[in-house]
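**Q** no FASTA, just this:
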């Protein structure tokens, strides 16, 4: 922000009419100017992003993207984007073309990994049954070696099936992005102890990064950032969702880890806050003050800066559906606070 006063006022104007407590400031509501909003989004600013899990545009207002705050920069869709209804197409066109929001689909490798583990467990059971049946047909007792060999063969079949998973998922994702008119891809992976599956994710990230960058699409990573240790160059934004959420020092720690990675840039790092439960309402435990700290986490995190003074990319919020009945007040205020630092 080269002119923080100008940008702060613009941020207030865009989001409109909520009170900024630290500054004791109140601004009257302004008429929406979508052209100015789109121009604002093309300037350097702290971006705001949310995950959205209820996109249906089915008549219930909480299922529309277009009722999200106009100044929101990016929506990460959880589902509902494979076959769009006419209402969804209109809703998508509104937020993309009129408001300048980017809308991304999600590739959830956590779900893929859960299925992979379940398939391995089923293969183990099948292997044991095969070994026992074969031994019985030969008129002898089954041995541990019989079972181990049969299980290994059955689990190898699973790995063979999953070896092409990355290509299949990426081809499907490109088709969805093209046909639905989305702006890019969000890749989710939080944990896996399986070396084989880790390699699948690694290869997918490299291939998706190359294709999305070539197509000039936005690509985001969420989860355990250790997975992008050597792949930062491919991502527009990276969101750590696995670190603790009660201490601001933990945010600094994960930021330091990210900045130690090859090709990392502070502007690619998005802060993360979940509204999925009530923990965001309590202050961070490690804020030192001469008076009682009462600020909710979204206020403190929005205004937080790394100790080295680096400029982060902005902030991403999960569980935003819980803010709907509150007219997205928390989200609106978060966007304001982001643009006041």
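**A** Alright, I've got the coordinates. This is a predicted model, so every value here is computed, not measured.
**Q** from here on, contacts and neighbour counts on C-alpha atoms
**A** Will do.
**Q** Below-threshold pLDDT in the stretch 51-200 of the chain: ranges please.
**A** Counting by pLDDT under 70, the stretch 51-200 of the chain shows no low-confidence range.
**Q** Which of the residues in the helix or strand harbouring residue 118 are classified as buried?
**A** In this structure, residue 118 sits in helix 109-137 according to DSSP states H and E. For helix 109-137, burial by neighbour count (16 or more other CA atoms under 10 Å) applies to 109-110, 113, 116, 119-120, 123-124, 126-128, 130-132, 134-135.
**Q** Check stretch 148-157 too.
**A** Buried residues in stretch 148-157 (16+ other CA under 10 Å): 150, 151, 152, 154, 155.
**Q** Pick out the most distant pair among these.
**A** Based on CA to CA, the longest span within those runs between 150 and 155 and measures 8.6 Å.
**Q** Spatially nearest residue to residue 132, not counting backbone neighbours?
**A** residue 142 (5.5 Å; CA to CA, 6 or more residues apart in numbering).
**Q** same deal with residue 166?
**A** residue 204 (5.1 Å).
**Q** What is the neighbour count of the one you found?
**A** 19 (other CA atoms under 10 Å).
**Q** Next: residue 278.
**A** Count around residue 278 with other CA under 10 Å applied: 8.
**Q** hmm, back to that, I'd assumed the residue nearest to residue 166 was in a helix, is it?
**A** Yes. Looking at residue 204 with DSSP: H, G, I helix; E, B strand; the rest coil, it is inside a helix.
**Q** doesn't residue 173 make contact with it?
**A** No. Using CA atoms under 8 Å, residue 204 is not in contact with residue 173; the gap is 11.6 Å.
**Q** and the residue nearest the centre of the chain, helix, strand or coil?
**A** Residue closest to the mean C-alpha point of the chain, counted by CA atoms, centre = their mean, is residue 222 at 4.5 Å. Classification of residue 222 using three-state DSSP returns strand.
**Q** I figured it hits residue 188, correct?
**A** Yes. With contact defined as CA under 8 Å, residue 222 reaches residue 188; the gap is 4.9 Å.
**Q** Look up phi and psi at the residue located most distally from the centre of the chain.
**A** Centroid-distance maximum for the chain: residue 139 at 56.2 Å, with CA atoms, centre = their mean. Backbone geometry at residue 139, expressed as degrees, to the nearest 10, gives phi 70, psi 40.
**Q** Next up, the contacts around it.
**A** Residues counted as contacts of residue 139 (CA atoms under 8 Å, 6 or more residues apart in numbering): none.
**Q** The nearest residue to residue 295 once chain neighbours are set aside - how many residues pack around it?
**A** Nearest residue to residue 295 in three dimensions, chain neighbours excluded: residue 283, at 5.4 Å (CA to CA, 6+ apart). Residue 283: 21 surrounding residues under other CA under 10 Å.
**Q** Secondary structure class of residue 283, three-state.
**A** Residue 283 - assigned by three-state DSSP - is coil.
**Q** Alright, calling it a day.
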